[in-house]
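# okay, sequence plus prediction incoming.
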Amino acid sequence: MAIPYPHFIAAEKAAIETGLLAPSSPSSSLSPPPVILTQDELKKIAAYKAVEYVESGMVLGLGTGSTAKHAVDRIGELLRQGKLRDIVGIPTSKMTHEQAASLGIPLSDLDSHPVVDLAIDGADEVDPELNLVKGRGGSLLREKMVEGACKKFVVIVDESKLVKYIGGSGLAMPVEIIPFCWKFTADRLQKLFEEAGCVAKLRTFPGKDEPFVTDNRNYIVDLYFKKSIGDLKVASDAILQLAGVVEHGMFLDMATTVIIAGELGVTVKHKR
Ligand SMILES: O=C(CO)[C@H](O)[C@H](O)COP(=O)(O)O
């Protein structure tokens, strides 16, 4: 989707920094045309901004998804150029592992590196307190393990991900569950949030009836809410108490910084 970008100065600055736009000639006297950036280009701007937080010698959590992919590409590029050195990456999915390995980023895991300096990842929803929904890409468990072990967690989004409250996009809040009696667990999850008009649906591969299987060989049940689920910590505890549940996609109080690329340029929000 093309997003009009009328606030030229902020847009131009962000796009030039990211290499999406060549700097305009200083002699041009006409006012420049509005910049049109796609949603993916906004994701790239946020990702490049986040990589500015990376320093040589860091252990890095490498996120999953189309936004995080840009950050991993950029880290690979800076390593290749010798602008970053001695980075160790901890991928949050098999897909990111493959991408990072193909770029020559040295990789490890939490067993060998239990403390992560910085993680960079996308999100599906960001609320005003910087709570997140993650996992529409299916990698929430590994993401939560890696991002829960990091000193700084920088989240990168385009502005379409901002919501007033968690679940407020009307899109899925994923829960990773074990395959055994998945219908039973899905029913219990739906009942838990009956008052919020919850509908629980087993995630399937696009265009197929087969259940989507995570990197950990589990299933995902997507919860759709009609209303707010209320206190997020209470909701989180209630979900995690169900025996068939492995983890959910609410990342509460975990993000330390959120970088948002949008119509007005790039906004950086820090946890208070
Ligand atoms: O949590 C995730 C994957 O499990 C992603 O970070 C999230 O789905 C955002 O994806 P994208 O950057 O493609 O919009």
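On my side now, so go ahead.
# contacts and neighbour counts: CA atoms only from here.
Noted.
# what sits against the nearest residue to residue 227 once chain neighbours are set aside?
For residue 227, ignoring the flanking residues on the chain, the nearest one in space by Cα to Cα, 6 or more residues apart in numbering is residue 196 at 4.7 Å. Counting by Cα atoms under 8 Å, 6 or more residues apart in numbering, residue 196 touches 225, 226, 227, 228, 229.
# which two from these end up farthest apart in space?
With distances taken as Cα to Cα, the most widely separated pair in these is 226 and 229, at 9.0 Å.
# how about the residue nearest the centre of the chain: what's its closest non-neighbour residue?
Most central in the chain under Cα atoms, centre = their mean is residue 122, positioned 1.8 Å from the mean C-alpha point. Ranked by Cα to Cα, 6+ apart and with sequence neighbours excluded, the top spatial neighbour of residue 122 is residue 156, at 4.8 Å.
# mind listing what's buried in the strand or helix carrying residue 236?
Using DSSP states H and E, residue 236 falls within helix 232-241. In terms of neighbour count (16 or more other Cα atoms under 10 Å), helix 232-241 has its buried residues at 232, 236, 239.
# out of these, who's nearest residue 271?
Nearest to residue 271 out of those is residue 232 (Cα to Cα; 17.1 Å).
# coming back round to it: most neighbours out of the contacts of residue 196, which is it?
residue 225 (24 neighbours; other Cα atoms under 10 Å).
# near the ligand, which residues of the chain?
64-68, 121-124, 134-140 (Cα under 6 Å from any ligand atom).
# okay, and which of those map to strands?
residue 121 (DSSP state E).
# just checking: what are the partner strands of the top strand by length along the chain?
Determined from DSSP E, the single longest strand within the chain is strand 150-158. Strand 150-158 pairs in its sheet with strand 116-121 (parallel), strand 257-262 (parallel), by DSSP bridges.
# check which element follows the last one along the chain.
Helices and strands here follow DSSP H and E; after strand 257-262, the next one along the chain is strand 265-270.
# brilliant, that's me finished.
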